[in-house]
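1. predicted model and sequence below, questions to follow.
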There are 2 protein chains.
Amino acid sequence: MASTFKPILFLLLSIYTFSPVSSHQHHPLDPLTPSEFNLVRTIVEKSFPNPNPYNLTFQYIGLDEPDKPTVLSWLSNPASKPPPRRAFVITRMERKSHEIMVDLSARSIVSNKVYNGHGYPLLTSNEQVVAATKLPQKYKPFIESIKKRRLNFSDVVCSTYSIGWFGEVKSKRVLKLLCFYKEGTVNLYLRPLEGITLVVDLDEMKIVEYFDRFIIPVPKAEGTEYQASKQKPPFGPRLNGAAFVQPNGSGFKIDGHTVRTNEELIIMPYASGKGRGRTQPFADCPSNAVFLDAYYAASDGTPVKTSNTFCIFERYAGDIMWRHTELGIPNEIITEVRPEVSLVVRMVATVGNYDYVLDWEFKPSGSIKFGVGLTGVLEVKGATYTHTDQVKEDIHGTLLSENTIGVYHDHFLTYHLDLDVDGKDNSFVKNNLETIRVTDGSSPRKSYWTVVSETAKTESDARINLVSKPSELVVVNPNKKTKIGNNVGYRLIPGPVTHALLSYDDYPQIRGAFTNNDVWVTPYNKSEKWAGGLFTDRSRGDDTLAVWSLRNRKIENEDIVMWYTIGFHHVPSQEDFPVMPTLSGGFELRPTNFFERNAVLKTRAISRVHLPNCTTRP
Amino acid sequence: MASTFKPILFLLLSIYTFSPVSSHQHHPLDPLTPSEFNLVRTIVEKSFPNPNPYNLTFQYIGLDEPDKPTVLSWLSNPASKPPPRRAFVITRMERKSHEIMVDLSARSIVSNKVYNGHGYPLLTSNEQVVAATKLPQKYKPFIESIKKRRLNFSDVVCSTYSIGWFGEVKSKRVLKLLCFYKEGTVNLYLRPLEGITLVVDLDEMKIVEYFDRFIIPVPKAEGTEYQASKQKPPFGPRLNGAAFVQPNGSGFKIDGHTVRTNEELIIMPYASGKGRGRTQPFADCPSNAVFLDAYYAASDGTPVKTSNTFCIFERYAGDIMWRHTELGIPNEIITEVRPEVSLVVRMVATVGNYDYVLDWEFKPSGSIKFGVGLTGVLEVKGATYTHTDQVKEDIHGTLLSENTIGVYHDHFLTYHLDLDVDGKDNSFVKNNLETIRVTDGSSPRKSYWTVVSETAKTESDARINLVSKPSELVVVNPNKKTKIGNNVGYRLIPGPVTHALLSYDDYPQIRGAFTNNDVWVTPYNKSEKWAGGLFTDRSRGDDTLAVWSLRNRKIENEDIVMWYTIGFHHVPSQEDFPVMPTLSGGFELRPTNFFERNAVLKTRAISRVHLPNCTTRP
């Protein structure tokens, strides 16, 4: 029987690295602890003494993962000494980005490399807050603009936006500020101050460009509020005392950063998330959830705790894991049903106006489902229109409310799936579903379909457009077979497919060229983790998955990584106002000849006697 | 505000009509009651007196739905007299199929039409049981074949299979029997007796053809059993006392066949299901479910009760209905989250070896999700192979176990979606997402995308291949607008797309030509309800959705029906043996400018104090 499966899955989306908190080291992939963050800071600050400490900022501190063979070797003998702990650090010093490797055991810097590419590193929370809150406050032309619009300055809130790249030969480390009016609402994103743009140089930390181009009405506050405390009756229903309860306890245990379930499946969730994650008990996750805190590094290198960053819970949605009613045996009716309980690891990432609910669902059958839910507040633009009858041009959006256009936009989430299917060396197989014409008169049938397998030899064989050809895509271990002789594998079950709509030569698409295909496969390379490159801010698309893949490396019977993109084209509707009902997407990795048979055949049936007694809380 | 939405949705899959049981009439679409079934039988038997009662069989008895204007008129004044009750009946009499309309109030036959097409009506349970169990028992050549194979005759079970049509000029009302060996297992479908085929003439009720072509080993019983009582430890986990509990009661009420939720959304689930539905409390549906019984007509016209045919439950899967964390306001963090509780109406249809879990999920936001779960037992064919190394030909399947090939196959489920979006007259709009090239130098951008709307005028405009063009498909009411001026609508959110792989001229594809497109729109026509035609057995494809649509009727601002097909290509894997983990598909209908704003904005938040106290049942 195909045995150990260790999904080491990385979720691609970056700004902060969240580190679930742990008291002692268990695993080489455990995130950095608060004291390790502090140690990194001390080592780096000592090595780069600087009269002005503000000239050194920590854009990123995270674990430098040991090489995969080292991790695999430790896993084969977890009692052995774990590999040395290292941290990967990105700093800005004197207008340069440094990539620094720190050895935490030796308390020394292993390497320090100045990055010479076009992009800029992850932004710190601190520099964004300073840029958005301190600079406009003192910028006279901006104060004038607000006055001219007869708005209360104290109700103006600005927010940072990356500028991107549109072919400029020279680009600086600058951000754009757009501002909003929070008078009468907390839903500031629905009240944009159109016409005003401030450009901030982050290295100088000052406003370097300013535009006040036109004045149009600010959309009204009425109807934008979403806080429960501000709503007036009649109210809709709530859960009304209903809950998923587990009076006998849960079916999983958390040991450090390892989650063990009854099935002895070992899972190591490890996520990096863009935006600030913080789940709210009893609302973002059900009442049976366990919450994990995390740490990230502030711009001065000190650890910052975020509470309830992840939650882990058993999910029972009333779904059926498998069933059959047998009516074919005379005088006998047999019905066997097994309800499905899965394990969900959830993080919510808020990125400005949008909230992304990121789920990893581990099913007892061995399937792994990846879900993303999009909710939060729309990005809107102000307009003079108060009715669609007035609109005679392409407004690039939907008129949602008076003076409010919900802008057409896209979301793409690219997953870095470092599968090791029963071992490190895997192959990517396209099981093409092909129509065969019957022409020899052997049958009255004119056609049938069958499977023609094709193993991808190099990266170009594995750039997949999912709609061009019906195919089952499987990552197999070509060195391991089931008893009956099938290659063990995990199959990709895609969700609905959404392709990028921009032309390939358009700058945003050059930077986001990793969305040119739905699926890519690359050989494992520690430095190729973020599909858009590590230095994405103002990047020019020269360090993306699409570029790496051009090397057309060998991927057959190698340690490979599969990349999958979930996409959404969002045409807003009035239902998305003032806060959006969740829109969901996802995909599944499903065992395919990985097990000798249905892995949940022997799950026990349930009956009424297993149900709990419940009363309303007094 | 767009107000009443009355989804009258019909699920396409036929053999029996299930009639949820009711004590008194509430609604013109309520299914027939047991006494109405009996009345229909009496009226028909009296009108067609026959010396031999076995010459008259009831292939189908169900409600003849009143014309839609009649229903809508009653709905506008439910206190008025309901329209007269009528039944639609299909009988076989003297080798002819009759379509009979019975007026239940006048106790008379309104019309009797002899069907002259090529197909045959729905099969009765009785004729299938007689054909499968009685005829082979006495058929000497078959008894010889079993003896020759040294098998116990008492462990042989036969099952009926429709024969289809492969271009024959003349076809009779015949069925095929394939047989299985249940010795040592209840999983008979995994032990096929290959080589043997019996053909039964249903009108004669006798075996008219017999083939014993070859002998190969019957796959062994070992490892095929799925009953809990037959499993040996170690067992997998079960729910272990966990449950979704509602100590304060549920959020919906059932009144006759109408379900009312707290939001005053009125739902009228009405389903016809192929196969025998029967959900098992606490397993097929969660412990908070309410179960509904149903009736169908036996071949002699008497009502047969099926218990727990449907279940209705509130589903809380830990999902988030909407949320936002606002971090942009200085010195304030606002988080608002609303968990999602939806209402699920479920039926499980067992069709021989396969079990289909059919869910309609009604979300508080107004979305309706249609889910189908495929589980049960695979169709396999026996083979001499015991290892894949021996396979040198296309075996049209996967070797799952010794002598057992899981055959490649498809599933297509076509939904008949009779939407009346805020009124009867609707239009089908393709909101095409089009890439616009920027060539005038007005921007550094090279492209953007926008929405170009196109209203389908006739049926040919609405034959949609979902992958050919990115488009949002919306059913709108062109006569109703929101305050701000958008047409009220409901949008189709497709699931993953699966197209038929057979050539268009192949007989099965001619009969299943309704799968040639993913979406079709037709004008409402009471007689066009089943995409494959009403007389599907041995049909020739001359009465399918694809043929009706050729008339290219007007569908703009008309009462229209949208048809959507969910498809699966199934390449079996060892995990599907001996019983399949559920594979799911589905799609969603989501309000799009139907409401003036987010319909669940005012749903109340929950907190810990709302949670129940629970203990294990003693």
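-> It's in.
2. okay, CA-based contacts and neighbour counts for the rest of this
-> Fine.
3. and stretch A:374-387, how far from the chain's centre?
-> What separates the centre of stretch A:374-387 from the centre of its chain is 25 Å, taken as CA atoms, centre = their mean, to the nearest Å.
4. for that stretch, give the mean pLDDT please.
-> Model confidence over stretch A:374-387, given as mean pLDDT, is 97.
5. what comes up buried for it?
-> A:374-387 (16 or more other CA atoms under 10 Å in any protein chain shown).
6. need the max-distance pair from the residues you listed.
-> Checked with CA to CA, the buried residues of stretch A:374-387 reach their widest spread between A:374 and A:384, with 28.4 Å between them.
7. ok, the buried residues of stretch A:374-387 vs residue A:411, which is closest?
-> Each of the buried residues of stretch A:374-387 was scored against residue A:411 by CA to CA, and residue A:374 proved nearest at 9.1 Å.
8. so the closest one sits in a strand?
-> Yes. Per DSSP: H, G, I helix; E, B strand; the rest coil, residue A:374 lies within a strand segment.
9. tell me if I'm right that it and residue A:354 touch.
-> Yes. The pair residue A:374 and residue A:354 qualifies as a contact (CA atoms under 8 Å) at a distance of 7.2 Å.
10. what about residue A:82, neighbour count?
-> With neighbours defined by other CA atoms under 10 Å in any protein chain shown, the count for residue A:82 comes to 18.
11. so what's it up against?
-> Residues in contact with residue A:82 (CA atoms under 8 Å, 6 or more residues apart in numbering or on different chains) are A:27-28, A:74.
12. measure it to residue A:66 for me?
-> As judged by CA to CA, to the nearest Å, residue A:82 and residue A:66 stand 10 Å apart.
13. need the overlap of contacts for the two.
-> For the pair residue A:82 and residue A:66, residues contacting each of them under the criterion CA under 8 Å, 6+ apart are residue A:28.
14. and the gap between residue A:115 and chain B?
-> Shown here: residue A:115 relative to chain B, a distance of 27 Å by CA to the nearest CA, to the nearest Å.
15. what of residue A:349?
-> The spacing between residue A:349 and chain B, counted by CA to the nearest CA, is 9 Å.
16. point me to the helix or strand that includes that residue.
-> Using DSSP states H and E, residue A:349 maps to strand A:342-351.
17. pLDDT of that strand, averaged?
-> Per-residue scores along strand A:342-351 average to 93.
18. same check, this time on stretch A:456-476
-> 96.
19. can you map out the strands along the stretch 51-200 of chain A?
-> Counting by DSSP state E, counting those that start in this stretch, the segments of the stretch 51-200 of chain A that form strands are A:56-63, A:86-93, A:96-103, A:108-115, A:156-162, A:174-181, A:196-201.
20. can you list contacts of the last one?
-> What it means is strand A:196-201. A:131, A:172-179, A:206-214.
21. emit the PyMOL select command for whichever of those residues are buried.
-> Selection of the buried residues among the contacts of strand A:196-201 in PyMOL, burial being defined by 16+ other CA under 10 Å:
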select buried, chain A and resi 131+173+174+175+176+177+178+179+206+207+210
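22. just the contacts of strand A:196-201 that are near chain B?
-> With respect to chain B, and counting by CA under 8 Å from any CA of the partner chain, no part of the contacts of strand A:196-201 is in contact.
23. quick check: residues of the stretch 101-250 of chain A near chain B?
-> Taking CA under 8 Å from any CA as the test, the list of the stretch 101-250 of chain A residues beside chain B reads A:133, A:157-159, A:166-167, A:186, A:226-228, A:231-248.
24. tell me where chain A has helices.
-> A:34-47, A:68-75, A:125-129, A:140-148, A:507-511, A:545-549 (DSSP state H).
25. quick check: residues of the stretch 401-550 of chain A near chain B?
-> Within the stretch 401-550 of chain A, the residues that sit near chain B (CA under 8 Å from any CA) are A:401-402, A:408, A:434-435, A:437, A:444-451, A:467, A:470, A:483-486, A:494-498, A:501-503, A:505-507.
26. among these, which are in strands?
-> Among these, the members falling in strands are A:401, A:434-435, A:437, A:447-451 (criterion: DSSP state E).
27. report the buried members of those residues.
-> Judged by 16+ other CA under 10 Å, buried ones among those: A:401, A:434-435, A:447-451.
28. make CSV out of these and add pLDDT and distance to residue A:344.
-> As requested, those are exported to CSV (pLDDT from 0 to 100; distance: CA to CA, whole Å):
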residue, pLDDT, distance to residue A:344
A:401, 97, 37
A:434, 97, 36
A:435, 97, 39
A:447, 96, 43
A:448, 96, 40
A:449, 97, 37
A:450, 98, 36
A:451, 98, 34
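29. now, the most widely separated pair of those residues?
-> Greatest spatial distance among those (CA to CA): A:401 and A:447, at 54.0 Å.
30. pretty sure residue A:324 is touching residue B:355, no?
-> Yes. Contact status for residue A:324 versus residue B:355: in contact at 6.1 Å, counting by CA under 8 Å.
31. can you pull the residues that touch both of the two?
-> Overlap between the contact sets of residue A:324 and residue B:355, as judged by CA under 8 Å, 6+ apart, is given by B:375-377.
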